[in-house]
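Colleague: Sequence and predicted structure, then a few things I'm wondering about:
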Amino acid sequence: MILHTVTVRPLENYRLYLTFNNGVSGEVDLTRELWGEVFEPLKDMALFQTAHQDEVMQTVSWANGADFAPEFLMGMLIKQQQQAA
């Protein structure tokens, strides 16, 4: 099975609520990932809030064209959940 997101919901403080096609869901904090030419502009909360499910790429995408691979997002979700436990 190829991993992809099913739903994307932007939250406050550079977090996303994601649901994946394998049934896993939860919040991902992207605060430390918003650097570099493509992602730095997402520090503008108005732009960050444009996060949505890209139906073609099947992952989160933003109005400026930025996106994260679903595998990266899943890894972040698991790592952050383990750190919180």
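Modeller: Received, thanks.
Colleague: Quick check, Glu71 in contact with Leu3.
Modeller: Yes: counting by CB atoms under 8 Å, Leu3 is a contact partner of Glu71 at 5.8 Å. In short, each C-beta sits where N, CA and C put it, glycine included.
Colleague: These two: who's more crowded?
Modeller: Neighbours per residue (other CB atoms under 10 Å) separate Glu71 from Leu3, with Leu3 holding more: 15 against 12.
Colleague: How about the secondary structure of that one?
Modeller: Following DSSP: H, G, I helix; E, B strand; the rest coil, Leu3 is assigned to coil.
Colleague: Leaving out chain neighbours, which residue sits closest to it?
Modeller: Pro70 (4.8 Å; CB to CB, 6 or more residues apart in numbering).
Colleague: May I ask you to confirm that that neighbour is in contact with Met1?
Modeller: No: here Pro70 does not reach Met1: they are 11.4 Å apart, not a contact under CB under 8 Å.
Colleague: Tell me the buried residues in stretch 4-15?
Modeller: His4, Thr5, Val8, Pro10, Tyr14, Arg15 (16 or more other CB atoms under 10 Å).
Colleague: Could you tell me which residues make contact with the first one?
Modeller: I take that to be His4. If a contact means CB atoms under 8 Å, 6 or more residues apart in numbering, then His4 has Phe20, Asn21, Gln58, Thr59, Pro70 as its contacts.
Colleague: and these as CSV, adding secondary structure?
Modeller: CSV is the format used below for the contacts of His4 (three-state DSSP):
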residue, secondary structure
Phe20, strand
Asn21, coil
Gln58, coil
Thr59, strand
Pro70, helix
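Colleague: Separate out the buried members of the residues you listed.
Modeller: By 16+ other CB under 10 Å, the contacts of His4 give Phe20, Gln58, Thr59, Pro70 as buried.
Colleague: Between those residues, which sits nearest Ala46?
Modeller: Closest approach between these and Ala46, by CB to CB: Thr59, at 21.1 Å.
Colleague: Perfect, I'm done here.
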